[in-house]
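1. take this sequence and fold it.
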Amino acid sequence: MSILTAHHLSKSFGALDVLQDVTLSLAHGQRAALVGPNGAGKTTLLHILAGMDEPSGGAVHRARGQTIGFLPQHADQELSEATTLHDLMRSVFAQLDRLAQQMRELEVALANPAQHDTAMEKYSKIAEQFEHAGGYTFELRIEQVLSGVGFDLGDRVVETILPPTYRRYLATFDEVCQGLQAHALPGARVERIQAPLKAVAARLGLVRYGRNNITYAAGIGSYLQLCGYVTDARLPATDRSPQPPMLRDECEGCETCRLACPTGAIGPGRVLLHAEHCLTFANELPGPWPEWVPATAHHCLLGCLACQRSCPANPRLEISDSGVTFTSDETRVLLGEVSSTDRGVDDGIRRKLEDLGLSGDEGVLGRNLRALLDRRCRAR
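-> Predicted structure coming up:
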């Protein structure tokens, strides 16, 4: 289904014809790049498609209910101490912010027994609109980045990457729970559910499995952290009912993740992962490396991104500096080259691991860092 089409567009500035007979169509979920030399009319065309300018001829048709977001080409000129890049990226979701504000106001009314039923009816409609427009996912899509973590080796600082779902993994569960209790479900009891979240989310139709046995959410991909809770609050009725877990349609006949897997954990003709041969399984547990892990397989400080980064359903991950760099003394302790006798070094390691949400993983990180360094030495 097309969400945007343009027919025979033209644009002129006086005697200068910038665009002539431009016809295009964008389907739901499609990603497209507009490439051309300076002055070819790329920005003019985008302005017309976004409704920010009118064509001299032709017409643009946008699917009903769609919202156009536009980040200016020279957004850096709008940056200041008061306006950050994150603010500019969020600005294209202003309509979602307005819906979120309406939901917060109705959440207050829900706590009043006299207003509960009327507020619940309005809340259900707005919440459905909010969800359909991506309100529960747009912040996550902005924040989907790899975290860069530095280690000072004395003669140089080595940068490593930490997948997005590892950064503050446990803290996220607590923060979401606190947010539910403070805003969406004030006064209600909310507790983290003890259940296989992938299976629960798949049976509720919230996610689908990829051939790599990782779950994907529409509009997000697989770079997500599932959180599940139970509550005694009265919630709006939903038409969701349990359903069998489903494989993404795009995975039929696709071998990309299997070919990218460095340990052969993704087998042909099977969705069930050979977890006992998965690099993530190996590098999250302490102890020596299993013989089936190739020395060339290591690429993350924790986990493995080979199958996900190669998957065409996932967005490109940018690398953002986590702000954490381990000093030379701290790095040597983590690598096991020396035993720490300095409380300041121990405290520094502890604070930085807490900042990354990796408390208690010193031994695993040291072993994984050594494997990454060894691989890079072999590659030289």
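2. ok, which stretches of this structure are helices?
-> Ranges of helices in the chain, per DSSP state H, are 42-49, 85-91, 94-110, 116-132, 138-143, 169-179, 197-203, 256-260, 279-283, 306-309, 328-334, 343-356, 362-379.
3. name the helices or strands packed onto the third one?
-> Put plainly, it is helix 94-110. With contacts taken as 3 or more C-beta pairs under 8 Å, 6 or more residues apart in numbering; DSSP states H and E, helix 94-110 sits against helix 116-132. In short, each C-beta sits where N, CA and C put it, glycine included.
4. give me the distance from the helix it packs on to the chain's centre.
-> From the chain centre to the centre of helix 116-132 is a distance of 26 Å (C-alpha atoms, centre = their mean, to the nearest Å).
5. low-scoring pLDDT stretches of this structure, where are they?
-> 1, 72-90, 92, 135-145, 270, 379-380 (pLDDT under 70).
6. what about Q181, how many residues close to it?
-> 17 (other C-beta atoms under 10 Å).
7. wait, V176
-> Using other C-beta under 10 Å, V176 has 16 neighbouring residues.
8. got it, and I349?
-> The number of residues packed near I349 is 21, by other C-beta under 10 Å.
9. right, so of the helices of the chain, which gets closest to S241?
-> helix 197-203 (9.2 Å; C-beta to C-beta).
10. in a markdown table, list the helices of the chain along with distance to F151.
-> Shown next, in a markdown table, are these (distance: least, C-beta to C-beta, whole Å):
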| stretch | distance to F151 |
| --- | --- |
| helix 42-49 | 41 |
| helix 85-91 | 27 |
| helix 94-110 | 39 |
| helix 116-132 | 41 |
| helix 138-143 | 24 |
| helix 169-179 | 21 |
| helix 197-203 | 32 |
| helix 256-260 | 26 |
| helix 279-283 | 16 |
| helix 306-309 | 22 |
| helix 328-334 | 5 |
| helix 343-356 | 11 |
| helix 362-379 | 6 |
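11. so for A217, which of the ones you listed sits nearest?
-> Per C-beta to C-beta, nearest to A217 of the helices of the chain: helix 197-203, 8.1 Å.
12. ok, which of the helices of the chain comes nearest K11?
-> Of those, nearest to K11 by C-beta to C-beta is helix 42-49, at 5.5 Å.
13. give me the helices and strands touching that closest one, please.
-> Counting by 3+ C-beta pairs under 8 Å, 6+ apart, helix 42-49 packs on strand 2-13, strand 16-27.
14. and among those, the most buried is which?
-> Among the helices and strands packed on helix 42-49, ranked by average contacts under mean count of other C-beta atoms under 10 Å, first place goes to strand 2-13 (a mean of 16).
15. angle of it against strand 16-27?
-> 180 degrees (axes from the mean of the first three to the mean of the last three C-alpha atoms, to 10 degrees).
16. quick one: strands adjacent to strand 2-13?
-> strand 16-27 (antiparallel), strand 57-62 (antiparallel) (DSSP bridges).
17. report the buried residues of the last one.
-> It stands for strand 57-62. 58, 60, 62 (16 or more other C-beta atoms under 10 Å).
18. let me have these in a markdown table, extended by distance to G219.
-> Listed next are the buried residues of strand 57-62 as a markdown table, based on distance: C-beta to C-beta, whole Å:
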| residue | distance to G219 |
| --- | --- |
| G58 | 30 |
| V60 | 23 |
| R62 | 18 |
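19. and which of the residues you listed is nearest H299?
-> The closest of those, once distances to H299 are taken by C-beta to C-beta, is R62, at 41.2 Å.
20. for that closest one, list the residues it contacts.
-> Listed by C-beta atoms under 8 Å, 6 or more residues apart in numbering, the contact set of R62 reads 3-4, 51, 68.
21. among those residues, which two are most distant?
-> So, these by C-beta to C-beta: farthest apart are I3 and G51, at 13.5 Å.
22. could you check how far G58 is from R167?
-> Distance of G58 to R167, given as C-beta to C-beta, to the nearest Å: 46 Å.
23. residue contacts, L19?
-> Each residue near L19 by C-beta under 8 Å, 6+ apart is listed here: 9-11, 41, 44-45, 48, 55.
24. what's the closest of those to Q181?
-> I48 (46.2 Å).
25. what's the neighbour count on the closest one?
-> Neighbourhood size, I48 [other C-beta under 10 Å]: 22.
26. that one contacts E54, correct?
-> Yes - between I48 and E54 there is a contact at 7.1 Å, judged by C-beta atoms under 8 Å.
27. so who does the closest residue to S124 other than its chain neighbours touch?
-> Spatially, and ignoring its direct neighbours in sequence, S124 is nearest to P236 (4.1 Å; C-beta to C-beta, 6 or more residues apart in numbering). By C-beta under 8 Å, 6+ apart, the contact set of P236 is 120, 123-124, 127.
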